[in-house]
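[1] take a look and give me a structure for this.
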Amino acid sequence: MRLQLACLTISLSFGLIGCDSDPGDDDDGVMTCQVTPGAWSATGFEANAAEVTALRAQLDKLTGAETMRGAEQGMVTVDDVADLTAIYEGTPSLAGITSDSLDGIINDAFAEFVAVLQAGQVDLVDDQGAWTPGASGGIFGMRAAGINAGGIELRQIVDKGLYGSFYVHAVRLTEGQITEATIDALAAAWGVPADLGTMMLADSANYAFQMGLHAETAKALTDAKAYAADDKCTMQRDAAIESFFRLWEQALFARTIFYANAAATELAAPTGDDSIADALHELAEGLGLALALYGAPNPTRGPLAGSARVATDAQIQAMMTALGVRIDDLNASTTGQFVPNPTGLQTGVTEVEADVMEIFGLSQAEIQSYRMPTEG
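    Numbers count the residues shown, from 1 in each chain. Here you go, the predicted model:
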């Protein structure tokens, strides 16, 4: 309107003078986006990623050799849930970026993990191949994996499940003002280094690469950052951000398919306890990734308002049921019963694949590719 008034004043004072729109204007005088995304720029990345970097270090401290993994291997003493919650709820706080639903699962896993450690070395499978975990499960195989009575390796539920907390944290960042610095923080939460490359990948970004979804997701981030530099490109920026999160989510479930198939193949012809332990380890990784977004809250504003993810809690619950998991009580799961019944596991895996195909609108060929993915 101001531009139109200015043109009118000039025409009245000096006669008709042309009043062309600026190159970035459309026919209605509204500024349009003129940005063409190019290469990723990493200026200021370390500072913008500092919060996420500290949180990731806290996760490594919780689930790595310093605490949970060290306890499984007998190198660290963890004899009380407080040993775990002190890190989980410490500074920086992983609990502070975790959804309420996932928080309940994590605390359940903590309690069961302590019980597993107290049970010590346990032969979860008898000489006839039956599942015999006792009341709490225990440390199993050369892998020294802490597996509960339900057949679930608890450390993987915590570790892979908390990948979802970084997703939830990233979604929350989109509710406020979105700048180039915000896009850096989203990239860090996903798990890429400053150059957005494929070296030194962490967590979700590493899985995206292994599942062949890294390049496409990185392109969405690159576009989002370019558009974030120009306030006339809000629509394009928001579309790129939404694409980034949809691909991130898809990669988590794609990796669930990969791990579940690997476990089913291993259990179909196990060579001993260590083979079984490896299969349950792989399956737990996939379970953790599927649970990672369980209960993720929807933002009230921003590009993801009302739709933090595509998969619903009911759909995630259905996947867990197909794989024998009791979300409300992990120890009561029946996942371990797949050890003597690998056909049952394959049936569950097939159900999960069908769910993922429907949720993301994928083809059977794409699902097939997730069983034996190509990196990229």
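[2] pLDDT (mean, whole number) over the longest helix along the chain?
    As assigned by DSSP state H, the longest helix anywhere in the chain is helix 234-268. Averaging pLDDT along helix 234-268 yields 98.
[3] start at 54 instead
    In the new numbering, first residue 54, that becomes helix 287-321.
[4] which strands and helices sit next to that helix?
    helix 216-226, helix 233-243, helix 256-263, helix 267-281, helix 326-344, helix 395-413, helix 417-424 (3 or more CB pairs under 8 Å, 6 or more residues apart in numbering; DSSP states H and E). For the C-beta atoms, the positions are set from N, CA and C on the backbone; glycine is no exception.
[5] any idea which of those gets closest to V169?
    helix 326-344 (12.5 Å; CB to CB).
[6] quick one: low-confidence parts of the stretch 54-203 of the chain?
    Within the stretch 54-203 of the chain, the segments meeting pLDDT under 70 span 54-83.
[7] next, count neighbours for L398.
    26 (other CB atoms under 10 Å).
[8] ok, now which ones touch the closest residue in space to it that isn't next to it in sequence?
    Nearest residue to L398, sequence neighbours excluded (CB to CB, 6 or more residues apart in numbering): F391, at 3.8 Å. Going by CB atoms under 8 Å, 6 or more residues apart in numbering, F391 touches G204, L320, G377, G397, L398, G401.
[9] save the helices and strands packed on helix 287-321 as a markdown table, and put in mean pLDDT and distance to F163 too.
    Below are the helices and strands packed on helix 287-321 laid out as a markdown table (pLDDT from 0 to 100; distance: least, CB to CB, whole Å):
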| stretch | mean pLDDT | distance to F163 |
| --- | --- | --- |
| helix 216-226 | 96 | 15 |
| helix 233-243 | 98 | 23 |
| helix 256-263 | 97 | 20 |
| helix 267-281 | 98 | 31 |
| helix 326-344 | 97 | 14 |
| helix 395-413 | 98 | 26 |
| helix 417-424 | 97 | 31 |
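[10] list just the one of those that sits closest to D180.
    In terms of CB to CB, the element of those nearest to D180 is helix 326-344, at 10.7 Å.
[11] between that closest one and helix 216-226, how many degrees?
    Interaxial angle, helix 326-344 versus helix 216-226 (axes from the mean of the first three to the mean of the last three CA atoms, to 10 degrees): 20 degrees.
[12] correct me if wrong: A332 contacts A322.
    No - assessed by CB atoms under 8 Å, A332 is found out of contact with A322, at 10.3 Å.
[13] tell me which of the two has more neighbours.
    Between A332 and A322, counted using other CB under 10 Å, A332 has the larger neighbour count: 24 against 8.
[14] just put the helices and strands packed on helix 287-321 in TSV and tack on distance to A107.
    Putting these into TSV (distance: least, CB to CB, whole Å) gives the following:
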stretch	distance to A107
helix 216-226	12
helix 233-243	10
helix 256-263	14
helix 267-281	21
helix 326-344	22
helix 395-413	32
helix 417-424	32
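[15] so which of those is nearest N314?
    helix 417-424 (4.7 Å).
[16] touching the closest one from outside, list them.
    Contacts of helix 417-424 (CB under 8 Å, 6+ apart): M264, G265, A307, R308, I310, F311, N314, E406, V409, M410.
[17] contacting residues around the fifth one?
    So the one you mean is I310. G339, V402, V405, E406, V409, I420, Y423, R424.
[18] how far away is the fourth one from D136?
    Here the distance between E406 and D136 works out to 38 Å (CB to CB, to the nearest Å).
[19] ditto for E404
    From E404 to D136 the distance is 37 Å (CB to CB).
[20] which residue packs closest to S94, ignoring adjacent ones?
    K278 (7.0 Å).
[21] residues near that neighbour, how many?
    So K278, with other CB under 10 Å, has 25 neighbours.
[22] repeat that for S328.
    By other CB under 10 Å, the residues close to S328 number 14.
[23] in this structure it contacts E319, no?
    Yes - look at S328 against E319 with CB under 8 Å: they come within range, at 6.0 Å.
[24] and A188, that's in a strand?
    No - counting by DSSP: H, G, I helix; E, B strand; the rest coil, A188 is not part of a strand but coil.
[25] need the contact list for it.
    Shown in contact with A188 (CB under 8 Å, 6+ apart): A172, A202.
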